[in-house]
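>>> Give the three-dimensional model of this entry:
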Amino acid sequence: MIEFIKDYTEDIKYLLEFSVKKNILHILNLKNSILTSKKKKSKIILVGNGGSAATSSHVAVDLTKNAKVRAINFNEADLITCFANDFKYENWVQKSLEMYSDRNDFIILISASGNSKNILKAAYWLKKNKIKFATLTGMKNNNLLKKLNSKGVNIWINSMSYNKVEIIHHYILLLIIDLIIDEQKRYNL
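Okay, the predicted model is just below:
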């Protein structure tokens with residue numbers, strides 16, 4: 001058990017360092033996209049499934065409260081169950097975006113595998129409607145969501161472990177919030 005804990009911790013430390021170095025430009029671009037959205041008085045919408053949904057909730061609240069950037073997520077049980085029931089599960093995120101997003105909003109789609117059908121359908125819809133979005137993925141480098149957003153902001157984590165990918169996604173998004181807060185203090189934004 002002790003050896004597992006040590007190995008797991010070392011793996012997370014390595015993966016975190018590697019992921020931040022590899023994605024540094026995407027991290028800065030995501031921060032800038034969030035600030036651009038704030039300047040346009042639009043909002044950030046974060047979406048994910050499971051652990052990524054929990055990350056979406058945490059980040060939306062911290063963006064709004066601490067970074068003063070309007071942000072929402074789609075984690076209300078009534079919204080998910082109603083839309084999944086009425087439009088099918090693979091369509092509920094797209095339908096939510098159709099009804100809640102505005103033209104200048106910036107969308108952050110989080111999928112550890114990069115192959116979640118409901119997130120992919122939402123990405124296709126965003127692309128078709130020319131709404132800007134970023135993706136956070138992991139697992140295979142050639143996952144569908146990363147491919148779909150190949151010219152946009154895509155933070156990819158090189159791990160096949162859902163928990164490790166989600167930990168790094170969470171860390172990077174909170175890092176971006178702290179970057180925004182620091183920048184706002186420095187420049188009185």
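>>> Output the below-cut-off pLDDT ranges for this structure.
Flagging of the chain using pLDDT under 70 yields an empty set of residue ranges.
>>> Regarding it, what is its longest helix?
helix 2-39 (DSSP state H).
>>> and the helix or strand following that one, which strands flank it?
Using DSSP states H and E, the helix or strand that follows helix 2-39 in sequence is strand 44-48. Each strand paired with strand 44-48, and its direction, by DSSP bridges: strand 71-73 (parallel), strand 106-111 (parallel).
>>> And these: which comes nearest Lys13?
strand 106-111 (22.0 Å; C-beta to C-beta). (C-beta placed from N, C-alpha, C; glycine too.)
>>> roughly how far apart are Ile131 and Lys43?
Look at Ile131 and Lys43: by C-beta to C-beta, to the nearest Å, they are 12 Å apart.
>>> Are there residues contacting both of the two? Which ones?
Common neighbours of Ile131 and Lys43 (criterion: C-beta atoms under 8 Å, 6 or more residues apart in numbering): Asp105.
>>> between those two, who's got more neighbours?
Using other C-beta atoms under 10 Å as the criterion, Ile131 and Lys43 rank with Lys43 on top: 21 against 18.
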